[in-house]
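Asker: fold the following and give me the result.
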Amino acid sequence: MTNTTSINLDYLAAKYAQTIIQQTQNKKASDVENTMTKALGVLQEDGVYACFLYLLAREKENGAVVVDEMLNLLSSLPFGWQKPTNNSNEILRFINEQVTKDLERLLLAREVLEQMLIYARYGAKARDKGGSEASGASS
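Answerer: Below is the predicted model:
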(Lines give C-alpha, C1' and ligand atoms only; values in the text may rest on other atoms or scores of the structure.)
Protein backbone atom coordinates (compact mmCIF):
# COMPACT_ATOMS: atom_id res chain seq x y z
CA MET A 1 0.00 0.00 0.00
CA THR A 2 1.37 3.40 -0.92
CA ASN A 3 1.24 6.50 1.20
CA THR A 4 -1.35 8.77 -0.36
CA THR A 5 -0.88 11.68 2.02
CA SER A 6 -0.87 14.85 0.01
CA ILE A 7 0.54 18.21 0.92
CA ASN A 8 -0.81 21.46 -0.41
CA LEU A 9 2.36 23.16 -1.62
CA ASP A 10 0.53 26.36 -2.56
CA TYR A 11 -0.71 26.65 1.02
CA LEU A 12 2.82 26.22 2.36
CA ALA A 13 4.21 28.81 -0.07
CA ALA A 14 1.53 31.33 0.93
CA LYS A 15 1.97 30.60 4.64
CA TYR A 16 5.71 31.28 4.66
CA ALA A 17 5.37 34.27 2.33
CA GLN A 18 2.93 35.82 4.80
CA THR A 19 5.41 35.20 7.59
CA ILE A 20 8.08 37.09 5.63
CA ILE A 21 5.73 40.04 5.19
CA GLN A 22 4.82 40.00 8.89
CA GLN A 23 8.45 39.80 10.01
CA THR A 24 9.48 42.71 7.77
CA GLN A 25 6.66 45.04 8.87
CA ASN A 26 9.17 47.54 10.23
CA LYS A 27 11.15 47.56 6.96
CA LYS A 28 10.43 49.74 3.97
CA ALA A 29 8.02 47.79 1.71
CA SER A 30 9.92 48.72 -1.46
CA ASP A 31 13.15 47.32 0.04
CA VAL A 32 11.39 44.05 0.89
CA GLU A 33 9.90 43.90 -2.61
CA ASN A 34 13.35 44.57 -4.07
CA THR A 35 14.89 41.74 -2.03
CA MET A 36 12.15 39.35 -3.19
CA THR A 37 12.57 40.36 -6.83
CA LYS A 38 16.34 39.89 -6.75
CA ALA A 39 16.13 36.57 -4.88
CA LEU A 40 13.51 35.35 -7.34
CA GLY A 41 15.74 36.31 -10.27
CA VAL A 42 18.72 34.45 -8.81
CA LEU A 43 16.55 31.40 -8.07
CA GLN A 44 15.14 31.30 -11.59
CA GLU A 45 18.43 31.95 -13.36
CA ASP A 46 20.96 30.17 -11.18
CA GLY A 47 19.12 27.77 -8.89
CA VAL A 48 18.40 27.03 -5.25
CA TYR A 49 21.98 26.98 -3.96
CA ALA A 50 22.78 30.29 -5.69
CA CYS A 51 19.65 31.88 -4.24
CA PHE A 52 20.67 30.97 -0.68
CA LEU A 53 24.21 32.10 -1.37
CA TYR A 54 22.97 35.43 -2.73
CA LEU A 55 20.63 36.06 0.21
CA LEU A 56 23.30 35.19 2.78
CA ALA A 57 25.98 37.27 1.08
CA ARG A 58 24.15 40.30 -0.30
CA GLU A 59 20.82 40.82 1.45
CA LYS A 60 21.77 41.20 5.09
CA GLU A 61 18.60 42.27 7.00
CA ASN A 62 15.78 41.14 4.75
CA GLY A 63 17.86 38.23 3.50
CA ALA A 64 18.08 36.66 6.95
CA VAL A 65 14.29 36.67 7.27
CA VAL A 66 13.84 35.23 3.77
CA VAL A 67 16.45 32.51 4.33
CA ASP A 68 14.84 31.53 7.62
CA GLU A 69 11.40 31.18 6.03
CA MET A 70 12.80 29.35 3.01
CA LEU A 71 14.38 26.85 5.41
CA ASN A 72 11.11 26.53 7.34
CA LEU A 73 9.32 25.83 4.07
CA LEU A 74 11.88 23.21 3.02
CA SER A 75 11.70 21.57 6.46
CA SER A 76 7.93 21.26 6.14
CA LEU A 77 8.24 19.17 2.97
CA PRO A 78 7.88 15.40 3.53
CA PHE A 79 11.54 14.57 2.96
CA GLY A 80 12.71 14.49 6.56
CA TRP A 81 14.93 17.53 6.07
CA GLN A 82 15.92 19.01 9.41
CA LYS A 83 16.35 22.78 9.46
CA PRO A 84 20.01 23.71 10.02
CA THR A 85 21.14 26.34 12.51
CA ASN A 86 21.48 29.95 11.40
CA ASN A 87 25.15 29.47 10.59
CA SER A 88 25.75 30.34 6.92
CA ASN A 89 28.13 27.43 6.37
CA GLU A 90 25.66 24.94 7.83
CA ILE A 91 22.83 26.39 5.75
CA LEU A 92 24.84 26.08 2.54
CA ARG A 93 25.98 22.57 3.48
CA PHE A 94 22.33 21.60 4.12
CA ILE A 95 21.28 22.98 0.74
CA ASN A 96 24.13 21.26 -1.04
CA GLU A 97 23.97 17.88 0.68
CA GLN A 98 20.24 17.54 1.31
CA VAL A 99 18.29 19.65 -1.17
CA THR A 100 20.38 19.56 -4.35
CA LYS A 101 21.35 15.89 -4.07
CA ASP A 102 18.17 14.41 -5.55
CA LEU A 103 17.01 16.00 -8.81
CA GLU A 104 13.27 15.42 -8.32
CA ARG A 105 13.36 16.86 -4.80
CA LEU A 106 15.49 19.77 -6.00
CA LEU A 107 12.99 20.63 -8.73
CA LEU A 108 10.10 20.45 -6.27
CA ALA A 109 11.98 22.61 -3.76
CA ARG A 110 12.81 25.15 -6.46
CA GLU A 111 9.20 25.34 -7.60
CA VAL A 112 7.75 25.83 -4.13
CA LEU A 113 10.44 28.37 -3.15
CA GLU A 114 9.75 30.29 -6.35
CA GLN A 115 6.05 30.39 -5.53
CA MET A 116 6.79 31.60 -2.00
CA LEU A 117 9.04 34.42 -3.28
CA ILE A 118 6.37 35.47 -5.79
CA TYR A 119 3.75 35.61 -3.03
CA ALA A 120 6.11 37.54 -0.75
CA ARG A 121 6.94 40.02 -3.53
CA TYR A 122 3.27 40.70 -4.18
CA GLY A 123 2.66 40.86 -0.43
CA ALA A 124 5.30 43.56 -0.09
CA LYS A 125 3.86 45.40 -3.08
CA ALA A 126 0.37 45.24 -1.59
CA ARG A 127 1.69 46.53 1.73
CA ASP A 128 3.42 49.39 -0.10
CA LYS A 129 0.22 50.28 -1.96
CA GLY A 130 -1.75 50.12 1.27
CA GLY A 131 0.73 52.48 2.92
CA SER A 132 0.72 54.87 -0.05
CA GLU A 133 -3.05 54.98 -0.18
CA ALA A 134 -3.26 55.49 3.56
CA SER A 135 -0.74 58.34 3.49
CA GLY A 136 -2.39 59.81 0.37
CA ALA A 137 -5.79 59.73 2.04
CA SER A 138 -4.54 61.68 5.04
CA SER A 139 -2.94 64.49 3.01
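
Asker: would you map the helices across the chain?
Answerer: 9-23, 29-46, 48-58, 60-75, 88-94, 103-138 (DSSP state H).

Asker: just put these in TSV and tack on mean neighbour count and distance to Gln82.
Answerer: Using the backbone N, CA and C atoms, a C-beta is placed for each residue, glycine as well. As requested, the helices of the chain are arranged in TSV below (neighbours: other C-beta atoms under 10 Å; distance: least, C-beta to C-beta, whole Å):
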stretch	mean neighbour count	distance to Gln82
helix 9-23	18	17
helix 29-46	19	22
helix 48-58	18	16
helix 60-75	20	7
helix 88-94	15	8
helix 103-138	16	14
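
Asker: lowest-confidence stretch among the ones you listed?
Answerer: Here those differ in mean pLDDT, and the lowest is helix 103-138 at a mean of 83.

Asker: just checking, what packs against it?
Answerer: Where contact means 3 or more C-beta pairs under 8 Å, 6 or more residues apart in numbering; DSSP states H and E, helix 103-138 is packed against helix 9-23, helix 29-46, helix 48-58, helix 60-75.

Asker: now for the third one, which elements pack on it?
Answerer: Other helices and strands packing on helix 48-58, by 3+ C-beta pairs under 8 Å, 6+ apart, are helix 29-46, helix 60-75, helix 88-94, helix 103-138.
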